[in-house]
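1. my questions are about this predicted structure, shown below with the sequence.
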2 protein chains.
Amino acid sequence: MSQQEVSTRSRRTSHPKSAITRQRILDAAARAFSLKGYAATTINDIAMTAEMQGGSIYYHFESKDDILQEVLDVGITRVFSAVRLAVGSLPASSAFSEKLEAAVTAHLTMLLQQSDYTSANIRVFEQAPAAVKRQNRKLRAAYGEYWGRLLSEGQRAGAIRRDVDLMVLRLLLLGAMNWAATWYRPGDLAVSELAQNVCDIVLNGAGLDSNHLERSSKGRRARS
Amino acid sequence: MSQQEVSTRSRRTSHPKSAITRQRILDAAARAFSLKGYAATTINDIAMTAEMQGGSIYYHFESKDDILQEVLDVGITRVFSAVRLAVGSLPASSAFSEKLEAAVTAHLTMLLQQSDYTSANIRVFEQAPAAVKRQNRKLRAAYGEYWGRLLSEGQRAGAIRRDVDLMVLRLLLLGAMNWAATWYRPGDLAVSELAQNVCDIVLNGAGLDSNHLERSSKGRRARS
DNA sequence: GTCTATAGTGGGATAGAC
DNA sequence: GTCTATCCCACTATAGAC
């Protein structure tokens, strides 16, 4: 199913000329939010990068919150599309491990090197006003559900142990990835390598095989 | 070794009476920062919770940044102490998996339910002014190195595969845990259960044992 | 040590010329 | 559609009484 771009759902996109300027503003905002956080970014910061005066912004957007809303929404839309595309491009018969690696690589690529919108989303979502968060949360939920289905398929296909809580697995995986926005600096390590490492650890574990034997013993020996 | 509390290293702790008020202010600030973020928290918010007027804060602290600095620093000091204590309380001969679970449980406990300081740290560190971050980063580095040593010991003891990149493992683990500050709500799932799940996945992997066979084959079969 | 009052400022948003 | 000028408010921080 062709997912329609969220794109410009604003009040005033009639004129094609202003659409370009709008984009410049959003690009500038996404970058600035991602680098400095929401509150620390001023309208004038955005305007300067977009090569205009502060007041001019308000021809295109109603408020700073409005800009934030759109940046955050595009941020999720972009990762979501990239991940769906990466996974969808694989042969349907592919092993789960390959699908997972494709998804993880796509997510990390958008977050860490391709999309200021996505990294802005991950970095400033928590700082956003309640109303803005509320709307963005819908997109986040849909994206989260996509991951849920991916993992669930993997489990049904026998690639994930039946006793693993998929909710926890998903949050652990997305958490590990998203936190990379905090520490990753290009040059440390290629994104694709990071993705491989993450998938390896999550699927195979960092421990030796012998550890597996202990795992189903729920009742730990009481500390005497 | 008894690690001395960082406690009050401020200019004006001579009088025992004001030390209590200072604490009230810090507690209020930690909670507010953790809930609303740094910029969105006003001096008056803090003052109200601490049951005083905004202006009075400045008898105890030089600036808002000053309060933030102390909150952030205490935040790391607290998790660090808790984790060190939890691991240190185990018999030295304990299995690595037990040490890991103790450490993970302690970290998550402080972050998710015991310390507003720790959760404030994780949530607002990125929003802090450069100077504040710079100082706090020293504590974070020491804490990170502690985890590095813990994992490194585990690897030397044979509990972690030799081909696992410990740097990545550490960041994945701390990332997964810290991100929980974003989604965890008490009642969803007990912290200790979450900790067990995380350790299980990270050590044993979410996949089936058969996956292990594939893992050292770097050259994936080319998709035909 | 805490209060009230206020100085000072930064920055979001609007008005109106061009 | 962009500019300049400015309004206006929120908030940090200070001053001085008590």
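-> Looks like it came in fine. Residues are numbered from 1 along each chain as shown, chains lettered A, B, ... in the order given.
2. next up, phi/psi of A:Gly207, please.
-> phi -90, psi 180 (degrees, to the nearest 10).
3. which residues of chain A lie near DNA strand D?
-> Residues of chain A lying close to DNA strand D (C-beta under 7 Å from any atom of the strand) are A:15, A:17-18, A:21, A:47, A:52-56, A:59-60. For the C-beta atoms, the positions are set from N, CA and C on the backbone; glycine is no exception.
4. switch the cut-off to 10 Å
-> A:12-22, A:24-25, A:39, A:43-44, A:47-48, A:50-60 (C-beta under 10 Å from any atom of the strand).
5. quick one, which of these are buried?
-> Neighbour counting by 16 or more other C-beta atoms under 10 Å in any protein chain shown classes A:21-22, A:25, A:43, A:47, A:50, A:52, A:57, A:60 among the residues of chain A next to DNA strand D as buried.
6. check the offset of the helix or strand containing A:Leu108 from the chain's centre.
-> For A:Leu108, the host element (DSSP states H and E) is helix A:96-109. Counting by C-alpha atoms, centre = their mean, to the nearest Å, helix A:96-109 is centred 12 Å from the centre of its parent chain.
7. buried sites along that helix?
-> The neighbour-count criterion (16+ other C-beta under 10 Å) identifies A:96-97, A:99-109 as the buried residues of helix A:96-109.
8. including secondary structure, could the buried ones among the residues of chain A next to DNA strand D go into a markdown table?
-> Formatted as a markdown table, those follow (DSSP: H, G, I helix; E, B strand; the rest coil):
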| residue | secondary structure |
| --- | --- |
| A:Thr21 | helix |
| A:Arg22 | helix |
| A:Ile25 | helix |
| A:Ile43 | helix |
| A:Ala47 | helix |
| A:Ala50 | coil |
| A:Met52 | coil |
| A:Ile57 | helix |
| A:His60 | helix |
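9. pLDDT and distance to DNA strand C added to those, as JSON lines?
-> Listed next are these as JSON lines, based on pLDDT from 0 to 100; distance: C-beta to the nearest atom of the strand, whole Å:
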{"residue": "A:Thr21", "pLDDT": "97", "distance to DNA strand C": "15"}
{"residue": "A:Arg22", "pLDDT": "97", "distance to DNA strand C": "16"}
{"residue": "A:Ile25", "pLDDT": "98", "distance to DNA strand C": "12"}
{"residue": "A:Ile43", "pLDDT": "98", "distance to DNA strand C": "3"}
{"residue": "A:Ala47", "pLDDT": "98", "distance to DNA strand C": "9"}
{"residue": "A:Ala50", "pLDDT": "98", "distance to DNA strand C": "13"}
{"residue": "A:Met52", "pLDDT": "98", "distance to DNA strand C": "12"}
{"residue": "A:Ile57", "pLDDT": "98", "distance to DNA strand C": "7"}
{"residue": "A:His60", "pLDDT": "98", "distance to DNA strand C": "11"}
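10. between those residues, which sits nearest B:Lys133?
-> The nearest member of those to B:Lys133, counting by C-beta to C-beta, is A:Ile43 at 24.4 Å.
11. contacting residues for the closest residue to that closest one other than its chain neighbours?
-> Closest residue to A:Ile43 apart from its sequence neighbours, by C-beta to C-beta, 6 or more residues apart in numbering or on different chains: A:Gly54 at 4.9 Å. Contact analysis of A:Gly54 by C-beta atoms under 8 Å, 6 or more residues apart in numbering or on different chains lists A:42-44, A:47.
12. count the residues that sit near A:Gly88.
-> 10 (other C-beta atoms under 10 Å in any protein chain shown).
13. and if you look at A:Asp66?
-> For A:Asp66, the neighbour count with other C-beta under 10 Å is 16.
14. same deal with A:Ser152?
-> 14.
15. also A:Val87?
-> Look at A:Val87: counted by other C-beta under 10 Å, it has 18 neighbours.
16. same check, this time on A:Met167
-> 14.
17. separation between it and B:Arg24?
-> 38 Å (C-beta to C-beta, to the nearest Å).
18. over to A:Ala47?
-> 42 Å.
19. for chain A, what's the longest helix?
-> If you go by DSSP state H, chain A has its longest helix at helix A:130-156.
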